[in-house]
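Participant: Quick check, what structure comes out for this input:
(one chain, ligands or ions: 1)
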Amino acid sequence: MDFNTLIQQRRSHYEYAKSTISDQTLIQLTKDLLSTTPSAFHSQSQRIVLLLGEKHDTFWDLVLERLRYEVPEEKFPRTQAKIQGLKNGQGTFLFYDDTDVTKQMEERFPLYGESAQLWAYESNAMLQYATWLGLTQLGLGASLQHYNPLIDQVTQDAFQLPAQWKLIAQMPFGSAVDIAKTKISQPVEDRMILKK
Ligand SMILES: Cc1cc2nc3c(=O)[nH]c(=O)nc-3n(C[C@H](O)[C@H](O)[C@H](O)COP(=O)(O)O)c2cc1C
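Facilitator: Below is the predicted model:
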């Protein structure tokens, strides 16, 4: 897939099925993403937890149980249907920042003040987008979810993750069975300035 097709193909999909892509391919993709995605001052504070198989199911069960306490009863069936659509997929990427590493960056560059925190998020966003494109290249559908911070503690406990890892985003994926929503984009000319 050429680059232009790839960026056009990447869309938000919310209902998935399992695909024929192997765990090994997904693990290799994760390694390639982590070893190549840039980070501020090459701090490499981005972390990924790749959930496959039963662990992917467990995660979405936990999310649903947590949401049961938050969502009004009459709206819960809709939430349940959305979560089921995601759970039917093949796996989930959890994106974390290792706050110990980001703190070190902050201490090394006191001149930049709180920018280190922003850069940590920017570095993470680069990893998220690269992951989304990587999944698209494999013919998979994905979406970006933010059930954090509601689910931070239950997720850390369930998968015994380091306490200093801060959850930033979740990306469920699978073979897309829904059609991406039509989106209306602003004229790009209004969003750019060309000087020559
Ligand atoms: C930083 C960021 C946060 C997002 N958070 C969510 C989210 O929490 N839940 C969700 O369903 N979609 C989320 N999205 C997806 C956007 O709604 C979606 O990308 C946008 O509507 C454009 O649609 P497209 O992805 O199909 O091009 C997020 C996207 C970005 C870039």
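
Participant: Distance check, the closest residue to Leu161 other than its chain neighbours against the ligand.
Facilitator: Excluding its sequence neighbours, the residue lying closest to Leu161 (C-beta to C-beta, 6 or more residues apart in numbering) is Val49, at 6.6 Å. Quick note: C-beta positions are derived from backbone N, CA and C, even for glycine. Distance, Val49 to the ligand, by C-beta to the nearest ligand atom, to the nearest Å: 18 Å.

Participant: part of a helix, is Val49?
Facilitator: No. Assigned with DSSP: H, G, I helix; E, B strand; the rest coil, Val49 falls outside any helix and is strand.

Participant: quick one, helices of the chain?
Facilitator: With DSSP state H as the criterion, the chain has helices at 3-9, 23-36, 53-68, 76-87, 99-108, 115-137, 152-159.

Participant: where are the low-confidence patches of the protein?
Facilitator: Within the chain, no stretch has pLDDT under 70.

Participant: Which strand in it has the most residues?
Facilitator: Using DSSP state E, we find that the single longest strand of the chain is strand 165-176.

Participant: Return the set of buried residues in it.
Facilitator: 165-176 (16 or more other C-beta atoms under 10 Å).

Participant: could you redo the residues you listed as TSV and give each row distance to Thr25?
Facilitator: Formatted as TSV, these follow (distance: C-beta to C-beta, whole Å):
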residue	distance to Thr25
Trp165	25
Lys166	28
Leu167	25
Ile168	24
Ala169	22
Gln170	20
Met171	16
Pro172	17
Phe173	12
Gly174	14
Ser175	14
Ala176	17
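
Participant: from the residues you listed, which two are the most distant?
Facilitator: Lys166 and Ser175 (30.5 Å; C-beta to C-beta).

Participant: what residues does the protein put near the ligand?
Facilitator: 11-12, 143-146, 180, 183 (C-beta under 6 Å from any ligand atom).

Participant: deepest of the helices of the chain, which one?
Facilitator: Comparing the helices of the chain by mean neighbour count (mean count of other C-beta atoms under 10 Å), helix 115-137 ranks first with a mean of 19.

Participant: who touches it?
Facilitator: 1, 6-7, 9-10, 29-30, 32-34, 36-41, 43, 45-46, 48, 93, 95, 97, 102-103, 105-106, 109, 141-142, 144, 168-169, 171, 173 (C-beta atoms under 8 Å, 6 or more residues apart in numbering).

Participant: One more pass at 7 Å, please.
Facilitator: Here helix 115-137 makes contact (C-beta atoms under 7 Å, 6 or more residues apart in numbering) with 1, 6, 9-10, 29, 33, 37-40, 45-46, 93, 95, 97, 102, 105-106, 109, 142, 144, 168-169, 171, 173.
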